[in-house]
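> Here you go, sequence then predicted model.
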Amino acid sequence: AQSVTQLGSHVSVSEGALVLLRCNYSSSVPPYLFWYVQYPNQGLQLLLKYTTGATLVKGINGFEAEFKKSETSFHLTKPSAHMSDAAEYFCAVSDPGRRALTFGSGTRLQVQP
Amino acid sequence: DTAVSQTPKYLVTQMGNDKSIKCEQNLGHDTMYWYKQDSKKFLKIMFSYNNKELIINETVPNRFSPKSPDKAHLNLHINSLELGDSAVYFCASSQAAGHNEQFFGPGTRLTVL
């Protein structure tokens, strides 16, 4: 069975500071990994994904994530936080043979002025 | 030109009532999903349909019945609503042949009084 752990339910950074949101996964097969963002009262929007190939993945809004198989991690980073980045972020894993996503519990990012 | 749409956006009803939520996607995808997001923001798969065939049916009460009249539509009917059914329900779609990148609707916030 797959699982996703997001360390830190709340992360607060200052505007312009580095954003680091942590995600560790457990999967019995090579996984597909995703980061989604949810703004208040909205649906989920895909930020980026890892399927195969290059382990450093770039996404929208300046975010990127690195797949580290040895650490079973897929942490999300952004060099400089913007006020508009304040939202809930979800890491998800998909077993290539199972057509559903298993989500982490989410991390709420606050950006202080 | 909304990709995945849901109606209604908000649904407030009394315990014991029966209600339906509708979902439509215009992405040409062949797989559709229902997810439930609880009050702690945790997202969990409920159902998945591929080409109108049910392929995932998680541990969900029989009061919940999905119906897919065609590939572009997936509806969720809930009988005898209970207080614990209050949540945000998200519809999503993906292409079966892809990496399971899922596109989400805006959600339906169900409140059972």
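Cool, the structure landed.
> From here on, just use CA atoms for contacts and neighbour counts.
Will do.
> Report the contact partners of the residue of chain B found nearest chain A.
Residue nearest to chain A within chain B (C-alpha to the nearest C-alpha): B:Pro106, separated by 4.1 Å. With contact taken as C-alpha atoms under 8 Å, 6 or more residues apart in numbering or on different chains, B:Pro106 is in contact with A:Asn41, A:Gln42, A:Gly43, A:Leu44, B:Val4, B:Ser5, B:Gln6, B:Lys9, B:Phe90.
> Surely the last one and A:Gly43 touch.
Right, the one you point to is B:Phe90. Yes - assessed by C-alpha atoms under 8 Å, B:Phe90 is found in contact with A:Gly43 at 7.4 Å.
> tell me the pLDDT at residue 26?
If you meant another chain, say so; for now it's chain A. A:Ser26 carries a pLDDT score of 91 in this model.
> other chain: chain B
Looking at B:Asn26, the pLDDT reads 96.
> Backbone dihedrals for it, please?
phi -110, psi 30 (degrees, to the nearest 10).
> Can you name the residues bridging to the residue sitting nearest the centre point of chain A?
By C-alpha atoms, centre = their mean, the mean C-alpha position of chain A lies nearest to A:Trp35, the distance being 3.6 Å. Using DSSP bridges, the bridge partners assigned to A:Trp35 are A:Leu48, A:Cys91.
> which regions of chain A sit below the pLDDT cut-off?
Chain A contains residues with pLDDT under 70 at A:96.
> Find the helix or strand that the closest residue to B:Thr59 other than its chain neighbours is a member of.
Excluding the flanking residues, the one nearest B:Thr59 by C-alpha to C-alpha, 6 or more residues apart in numbering or on different chains is B:Met46, at 7.4 Å. Counting by DSSP states H and E, the element that carries B:Met46 is strand B:43-50.
> Now that strand - C-alpha only, CSV.
The C-alpha trace of strand B:43-50 is given here as CSV (Å, rounded to 0.1, in the frame of the first residue of the first chain):
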residue,chain,number,x,y,z
LEU,B,43,-8.4,14.0,0.7
LYS,B,44,-9.5,10.4,0.1
ILE,B,45,-10.6,8.6,-3.0
MET,B,46,-14.1,7.3,-3.1
PHE,B,47,-14.8,6.0,-6.6
SER,B,48,-13.2,5.9,-10.0
TYR,B,49,-14.8,5.1,-13.4
ASN,B,50,-13.0,4.2,-16.6
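> which residues touch it?
A:99-105, B:30-37, B:54-60, B:66, B:68, B:71, B:74, B:96.
> Show me which residues of chain B sit near chain A.
B:33, B:41-45, B:48, B:56, B:90, B:96, B:99-107 (C-alpha under 8 Å from any C-alpha of the partner chain).
> Recalculate using a threshold of 6 Å.
With C-alpha under 6 Å from any C-alpha of the partner chain as the criterion, chain B meets chain A at residues B:Phe42, B:Phe104, B:Gly105, B:Pro106, B:Gly107.
> Partner strands of the least confident helix or strand in chain B by mean pLDDT and their direction?
Here the helix or strand of chain B ranked lowest by mean pLDDT, DSSP states H and E is strand B:53-57, holding a mean of 85. Strand B:53-57 pairs in its sheet with strand B:43-50 (antiparallel), by DSSP bridges.
> Correct me if wrong: A:Phe74 contacts A:Cys23.
Yes - between A:Phe74 and A:Cys23 there is a contact at 5.3 Å, judged by C-alpha atoms under 6 Å.
> in which helix or strand would I find residue 77?
Going with chain A. strand A:73-78.
> Chain B was what I was after
strand B:73-78.
> Thank you kindly, that will do.
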